[in-house]
Structures are given as C-alpha cells and as structure tokens.
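Student: Structure for the following, please:
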Amino acid sequence: MLPGIAIRPLRRFSDERGFFAELIRSDWIDLINGDRILQANLSMTYPGVVRAWHRHGRGQVDYFAVVGGALKLCAYDDASKELDEIIATARDPSIIRVPGHYWHGFKAIGDEPALLVYFVNRLYDYGDPDEVRRPWNDPAILPRSINGDEGDPRVGKPWDWFAPPHR
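Tutor: The predicted structure follows:
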C-alpha cells in the first residue's frame, strides 16, 4: 500500500433487529493518524460509473466507507507510479483512509448503485475548492506496480477502469 493509506474493517453488531456499526472513531489511532474529521458527505453512484481522477493539494485526507453496493477505489502516486486498488463493499464494510495528495477515484461495481459516506479533515471551500482534476481515462496513469505487485498484467499499461476482473 502507498504510505498513509489504511484500511480498517468495520465490525457489525447484529441482532434480530438488524445491525449497528461504528464508521469512524477518534481513538482509532492506527487509522486517524492525528487527523481531525470536520465534514461528512454522502454520494450515490450508478453501476458502472467512474468518478476519477482528482487530488487535494492542501492536506485534505479522505475516509471512505461504502454503505450500499460496491466500489473499486484506486489511489495513484505520480512519483512512484504505484497504484493501489481496493474493493470496498457494504457486505464486508471497512473504512479506507486516502491521503489527498494521491490521485484517487472510484468505479461503482456490481449491479446496484453504490452509496458512499466519506469523511474529510478539511471543510469544503465553495469559493476555492481544494481539488485538482484529470480525466478518468488519462493515459498518463501508467502504474509500475498495482498493490505492490510489479507482475500484475495491467502494469505498464494505461489504467483501464473497465478491465475484466478475471485474470
């Protein structure tokens, strides 16, 4: 994993009424890493839609939790050319920390809309957003390794959000 990215499985407390799960806690030091959460957001994405790429240049850190459907979430480092690909689903809930200086984005996978709750350590500035964008299919996203694997057959090729999942 790229430095600063962390994945914490979320624990469900189930009973005959349903379940309860904590999404984020300030005492999860291994995840929070000193950040202070200032805003929570909700996003819905239709199946097959890609929302990528963007990054933040002023220290924003994002914490993603999929609460419906499934996402393929990716982070890419221009300096090392490492790409991290993380599958996040509501069925196997987790919270994922992504430092905003990495290019990141996601694709809704599966056959239902994906619901994403994300927390950030910076308030959104409507007049001067901390967001830089590049096209979702930018051919300059050319990973040298994927999840640390230099032998992945997708290495050395422009990132394809629609590559089939089988290998």
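Student: Alpha carbons of the helix or strand bottoming out on mean pLDDT in the chain, as PDB, please.
Tutor: Scoring the helices and strands of the chain by mean pLDDT, DSSP states H and E places helix 29-32 at the bottom, with a mean of 93. Extracted in PDB, the C-alpha atoms of helix 29-32 (Å, rounded to 0.1, in the frame of the first residue of the first chain):
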ATOM      1  CA  ILE A  29      -5.200   6.000  16.200                       C
ATOM      2  CA  ASP A  30      -3.900   3.500  13.600                       C
ATOM      3  CA  LEU A  31      -6.500   4.900  11.100                       C
ATOM      4  CA  ILE A  32      -6.900   8.600  12.100                       C
END
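Student: who touches that helix?
Tutor: Helix 29-32 has contacts (C-beta atoms under 8 Å, 6 or more residues apart in numbering) with 6, 8, 24-26, 63, 95, 97. C-beta here means a position set from N, CA and C on the backbone, and glycine is covered the same way.
Student: Let's see that with 6 Å instead.
Tutor: If you take C-beta atoms under 6 Å, 6 or more residues apart in numbering as the criterion, helix 29-32 is touched by 6, 8, 97.
Student: Would you mind listing the residues in contact with the residue most central in space within the chain?
Tutor: What sits nearest the mean C-alpha location of the chain, by C-alpha atoms, centre = their mean, is Leu73, with 4.2 Å. Counting by C-beta under 6 Å, 6+ apart, Leu73 touches 86, 88, 106.
Student: Most neighbours out of these, which is it?
Tutor: Ranked by neighbour count (other C-beta atoms under 10 Å), the contacts of Leu73 have Phe106 at the top, with 24 neighbours.
Student: Would you mind naming the helix or strand containing it?
Tutor: Using DSSP states H and E, Phe106 sits in strand 103-109.
Student: And the least confident helix or strand of the chain, what's buried?
Tutor: For helix 29-32, the neighbour count (16 or more other C-beta atoms under 10 Å) marks 31-32 as buried.
Student: Report all helices and strands that whatever helix or strand comes next after that helix contacts.
Tutor: Per DSSP H and E, helix 29-32 leads on to strand 39-45 as the next helix or strand towards the C-terminus. Packing partners of strand 39-45 (3 or more C-beta pairs under 6 Å, 6 or more residues apart in numbering; DSSP states H and E): strand 114-120.
Student: follow-up on the earlier one: closest one to Asn41 out of the contacts of helix 29-32, please.
Tutor: Here the nearest of the contacts of helix 29-32 to Asn41, counting by C-beta to C-beta, is Arg97; it sits at 15.2 Å.
Student: now the strands for this protein?
Tutor: With DSSP state E as the criterion, the chain has strands at 6-9, 12-15, 18-21, 39-45, 50-55, 61-68, 70-76, 82-89, 94-99, 103-109, 114-120, 132-133, 145-146.
Student: Since that was my last question, I'll sign off now.
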